[in-house]
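> pasting a predicted model and its sequence here:
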Amino acid sequence: MDVLFPLTLLSYVLATIMYVVWFVKQQKESHLAARWILTAAGILHTMTLVARYFEVGHTPITNMHEAVSFFAWSMTWGFLIFRWRYRVKNFGTFVSVGITLLMLIAALASQDVTPLPPALRSHWLPVHASIALMANAFLAMGFCGGIMYLLQEREIKSRRFGIFFERLPSLEALDSLNQHCLAVGFPLLTLGIITGSFWAKQAWGSYWQWDPKETWSLITWFIYAALLHFRFTMGWRRRRAAIMSMVGFGAALFTLWGVTYLLGGIHSYAG
């Protein structure tokens, strides 16, 4: 475990460097290298999580280091699986940067193994937390797609066709990317909230207590529900959808980190 995590982090850094090289130089060799290194990092990361499981004796998803590491792992495999079906030009460059940032945050968080609080000794915990973090992974990819959309749109509107115009897909393709990420992320987010309510019932005797983490999860859900509603009923697409995806992911991040460190509540042990 002491060796696996640093090796995994190093692999992600190398993959990100190769993706950036691919983005700048557009050489096929660097693209292939980036993809293979990212796949190797994903496999190494899986081994890291398995090793952590045997080290701590439960699903490694109960503190900030483990949660953010699992978030990065979900984003990696979400992207690799997503890429198998949808090819979005240079999407890997933006996603790999996000994964590496997450891994750096996980590396900075405490990796100490501490006894589980009673509320976390539940079979619902790995179900709820893993689904919620997988939802965050797809919403994060939607966030990356939103950034790409705004960068591309900016160059088109200004008629100053620079590096992004040449390397990013069309606005239509980026809007479709946003929709595909939302189509996976939103159901997972919904399922994460539902399974979390079952866990809350088992741990604290009530399905919902308006704890800050629960409240912000619901706020995040409403933002994405509104995006879906407006997208299909009022034609909210393109720029509005990209901005809403970024706002929604900001709420998801606040639920993960902001609530833990600023608002506390019965989920504060998660830090």
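Sure, I can see it.

> quick one, phi/psi of the closest residue to Val247 other than its chain neighbours?
Closest residue to Val247 apart from its sequence neighbours, by Cβ to Cβ, 6 or more residues apart in numbering: Ile223 at 6.2 Å. Glycine gets a C-beta too; all of them are placed from N, C-alpha and C. Ile223 adopts backbone torsions of phi -60, psi -50, taken as degrees, to the nearest 10.

> pretty sure Ile223 contacts Ser245?
No - look at Ile223 against Ser245 with Cβ atoms under 8 Å: they stay out of range, at 9.2 Å.

> between the two, who's got more neighbours?
Ser245 (29 against 17; other Cβ atoms under 10 Å).

> which ones are touching that one?
Going by Cβ atoms under 8 Å, 6 or more residues apart in numbering, Ser245 touches 139, 142-143, 145-146, 178, 181-182, 227.

> ditto for Ser217
Contacts of Ser217 by Cβ under 8 Å, 6+ apart are 132, 189, 192-193, 196, 255.

> apply 7 Å and report the result again.
193, 255 (Cβ atoms under 7 Å, 6 or more residues apart in numbering).

> show me the contacts for Ser96.
Going by Cβ under 7 Å, 6+ apart, the list of residues near Ser96 reads 15-16, 19, 38.

> of those, grab the buried ones for PyMOL.
Restricted to buried positions by 16 or more other Cβ atoms under 10 Å, the PyMOL selection for these reads:
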select buried, resi 15+16+19+38
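
> any chance of the contacts of Ser96 in TSV, plus pLDDT, secondary structure and distance to Leu262?
Converted to TSV, the contacts of Ser96 look like this (pLDDT from 0 to 100; DSSP: H, G, I helix; E, B strand; the rest coil; distance: Cβ to Cβ, whole Å):
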residue	pLDDT	secondary structure	distance to Leu262
Ala15	97	helix	32
Thr16	97	helix	29
Tyr19	96	helix	33
Leu38	97	helix	33
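
> hmm, which two among the contacts of Ser96 are most spread apart?
Thr16 and Leu38 (8.5 Å; Cβ to Cβ).

> ok, so of the contacts of Ser245, who is nearest Phe79?
Using Cβ to Cβ, the contacts of Ser245 come closest to Phe79 at Cys181, 10.1 Å.

> from Ala107, how far off is that closest one?
26 Å (Cβ to Cβ, to the nearest Å).

> same deal with Val24?
Taking Cβ to Cβ, one finds Val24 at 26 Å from Ala107.

> those two: which has the busier surroundings?
Per other Cβ under 10 Å, whichever of Val24 and Ala107 has more neighbours is Ala107, with 15 against 12.

> skip the chain neighbours and tell me the closest residue to the more buried one.
Leu9 (5.8 Å).
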